[in-house]
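A.B. asks: model this:
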Amino acid sequence: MTDTPMPVHTTEAALTLYPYQKRWLADDSRFKVGMFARQTGKTFTTTLEIVLDCLDAEAEGKRARWVILSRGERQAKEAMNEGVKRHLQAAGIACEVLTVPFDATVNALEVVFPNGSKITALPANPDTARGFSANVFLDEFAFHQDSRAIWKALFPVISAGWKLRVVSTPNGKGNKFYELMTDLANTEWSRHVVDIYQAVADGLPREIDELKAGLNDPDAWAQEFELQWLDEASAWLSHDLIHGAEHPQAGLPEHYSGGVCFVGVDIAVRNDLFVVWVLEQVGDVLWTRELIVRRRISFAEQADLLADVFARYRVIRCCIDQTGLGEKPVEDAKTAHGESRVEGVLFTAANKLALATVGKEAFEDQKIRIPIDQDLRTDLHKLQKVTSPTGAPRFVAEADANGHADRTWAAFLALNAAQQDVGSPRVSSRACKRVSRLTRGYW
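C.D. replies: Now for the predicted structure:
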């Protein structure tokens with residue numbers, strides 16, 4: 001094939017494909033992963049490959065089977081209607097996209113061919129990833145929630161010789177798509193990378209300077225169009241900072257040496273996690289001695305767990321999230337353990353910024369040791385600093401099966417408890433400069 005736009009002739013029109021799309025279509029590797037800039041036709045091209053595979057099978061009297069797993073129901077519908085259905089109609093083939101129940105909560109979209117070939121589209125989760133024997137297309141895989149759990153459930157599905165197609169734009173380093181794209185030692189995978197500059201060089205009609213100026217967001221441009229891994233820019237704690245604080249002896253109560261301790265508590269409401277983080281001061285380093293994580297336990301059980309921590313450790317100070325339903329637990333803890341040792345912290349925007357700054361400084365200065373645990377890594381890394389519509393910085397963390405950055409806030413509360421002064425969240429002189437830069441003109 002030459003690197004010129006390739007017309008795919010149908011009974012109605014000729015569909016022009018650009019060289020990067022031709023390269024993707026021509027690659028018949030069993031395992032194929034592609035990282036494409038936004039709006040360069042990655043889903044469109046891959047659904048074309050799926051349709052052509054089904055048509056070839058039908059012409060030979062065989063059956064092809066494909067499953068499309070998208071990040072949500074809307075994206076599954078778009079893949080079927082703007083991809084599969086459009087390609088079939090362009091080929092002069094009438095088709096109907098059927099809605100069929102997959103389970104009690106999820107519907108599947110299907111196109112069935114005369115000889116029995118079938119294309120099914122579903123929103124992705126570990127349950128929908130099971131139960132098929134088919135070729136699979138993971139669309140925008142970097143944005144699938146619980147991508148590793150989906151991967152674990154999915155891979156046996158394609159083990160009997162089926163093909164696997166994975167495409168996405170990047171979405172940080174904490175997902176399976178990042179591993180697929182960067183694990184170059186795994187030569188079983190054929191990898192394709194097409195940023196906006198390559199797509200335009202191949203003939204895609206886009207005005208790069210106009211797009212970049214219109215977007216007016218350097219981070220979004222770098223991730224969505226230049227395909228940069230933006231974790232280090234958007235995540236409050238980078239993977240390097242997290243890994244640098246990990247130690248195999250952290251998080252083990254048996255290593256407690258009897259020193260003074262500082263505790264952070266994130267109060268649980270409904271599906272959030274109740275977390276108690278215990279730090280022991282050893283020299284100038286704060287060692288995690290215990291990390292207690294519970295889900296859906298009563299306030300009475302939470303109080304009992306905290307009382308046990310006070311009984312087993314020399315707790316000098318404990319900071320507790322006082323926001324919302326935290327008012328009563330804080331009052332009870334002060335009564336039980338003393339007002340001089342227990343402090344409630346309201347999670348206002350200003351206090352969260354101060355807590356996060358204290359936390360980041362401890363990781364940067366390697367003054368904290370944390371357990372080696374994948375759930376903890378994910379929790380610490382999911383917290384992101386974003387800019388609100390008013391321009392003020394705020395912190396967000398996507399809620400998933402691993403929590404809502406509850407461990408992270410417990411860690412920051414414990415680190416705040418370890419500060420020398422008593423009162424509202426505080427920062428060192430160096431961290432004060434960071435807060436000033438982030439908040440100047442907003443508070």
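A.B. asks: give me phi/psi at Leu154?
C.D. replies: For Leu154, the backbone dihedrals (degrees, to the nearest 10) come out as phi -80, psi -40.
A.B. asks: for the spatially closest residue to it that is not a sequence neighbour, grab phi and psi.
C.D. replies: Leaving aside its chain neighbours, Leu154 sits nearest to Ala129 (4.1 Å; criterion: CB to CB, 6 or more residues apart in numbering). No exception for glycine: its C-beta is placed from N, CA and C like everyone else's. Main-chain torsions, Ala129, degrees, to the nearest 10: phi -80, psi -10.
A.B. asks: my guess is Ala129 meets Ile158, correct?
C.D. replies: No. At 10.3 Å, Ala129 does not count as touching Ile158 under the criterion of CB atoms under 8 Å.
A.B. asks: these two: who's more crowded?
C.D. replies: Neighbours were counted for Ala129 and for Ile158 using other CB atoms under 10 Å; Ala129 has more, 24 against 18.
A.B. asks: do you know how far Gly174 is from Ile372?
C.D. replies: Note on Gly174: its distance to Ile372, by CB to CB, to the nearest Å, is 16 Å.
A.B. asks: over to Glu254?
C.D. replies: Glu254 is 16 Å from Ile372, by CB to CB.
A.B. asks: what ranges do the strands span in the stretch 101-250 of the chain?
C.D. replies: For the stretch 101-250 of the chain, strands defined by DSSP state E, counting those that start in this stretch occupy the ranges 107-112, 118-123, 135-139, 164-168, 189-194.
A.B. asks: and stretch 18-37, what's its mean pLDDT?
C.D. replies: Over the span of stretch 18-37, the pLDDT mean works out to 97.
A.B. asks: try stretch 359-374
C.D. replies: Averaging pLDDT residue by residue across stretch 359-374 gives 94.
A.B. asks: next one: that stretch to chain centre, how far?
C.D. replies: 21 Å (CA atoms, centre = their mean, to the nearest Å).
A.B. asks: the worst-scoring helix or strand of the chain on mean pLDDT: what's the following helix or strand?
C.D. replies: Lowest mean confidence among the helices and strands of the chain (mean pLDDT, DSSP states H and E): strand 6-9, at a mean of 42. Downstream of strand 6-9, the next assigned helix or strand under DSSP states H and E is strand 14-17.
A.B. asks: now the residue nearest to Lys334 when sequence neighbours are not counted: phi and psi?
C.D. replies: Excluding the flanking residues, the one nearest Lys334 by CB to CB, 6+ apart is Val342, at 4.6 Å. Here the main-chain torsion angles of Val342 (degrees, to the nearest 10) amount to phi -120, psi 130.
A.B. asks: quick one: contacts for Val342?
C.D. replies: 317-318, 320, 330, 333-334 (CB atoms under 8 Å, 6 or more residues apart in numbering).
A.B. asks: ranges for the helices of the stretch 1-150 of the chain?
C.D. replies: Under the criterion DSSP state H, counting those that start in this stretch, the stretch 1-150 of the chain contains helices at 19-26, 42-59, 73-78, 85-90, 147-154.
A.B. asks: out of these, which gets nearest to Ala300?
C.D. replies: Of all those, helix 147-154 sits nearest to Ala300, with 32.2 Å by CB to CB.
A.B. asks: count residues in the vicinity of the closest residue in space to Gln39 that isn't next to it in sequence, would you?
C.D. replies: Closest residue in space to Gln39, ignoring its immediate chain neighbours: Arg206 at 7.9 Å, by CB to CB, 6+ apart. By other CB under 10 Å, 14 other residues sit near Arg206.
A.B. asks: could I get the pLDDT score of Arg206?
C.D. replies: 95.
A.B. asks: the one 4 residues further on now?
C.D. replies: Glu210 is assigned a predicted lDDT (pLDDT) of 95.
A.B. asks: switch the helices of the stretch 1-150 of the chain over to JSON lines; also include distance to Ala311 and mean neighbour count.
C.D. replies: As requested, those are exported to JSON lines (distance: least, CB to CB, whole Å; neighbours: other CB atoms under 10 Å):
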{"stretch": "helix 19-26", "distance to Ala311": "62", "mean neighbour count": "20"}
{"stretch": "helix 42-59", "distance to Ala311": "57", "mean neighbour count": "20"}
{"stretch": "helix 73-78", "distance to Ala311": "50", "mean neighbour count": "17"}
{"stretch": "helix 85-90", "distance to Ala311": "65", "mean neighbour count": "19"}
{"stretch": "helix 147-154", "distance to Ala311": "37", "mean neighbour count": "19"}
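A.B. asks: who wins for proximity to Ala108 among these?
C.D. replies: Nearest to Ala108 among these is helix 73-78 (8.2 Å), distances taken as CB to CB.
A.B. asks: so what touches the closest one?
C.D. replies: 43, 68-70, 107, 109, 121-123, 139-140.
A.B. asks: want to throw the strands of the stretch 101-250 of the chain into a markdown table with mean pLDDT and mean neighbour count?
C.D. replies: Shown next, in a markdown table, are the strands of the stretch 101-250 of the chain (pLDDT from 0 to 100; neighbours: other CB atoms under 10 Å):
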| stretch | mean pLDDT | mean neighbour count |
| --- | --- | --- |
| strand 107-112 | 90 | 19 |
| strand 118-123 | 93 | 23 |
| strand 135-139 | 95 | 25 |
| strand 164-168 | 96 | 24 |
| strand 189-194 | 97 | 17 |
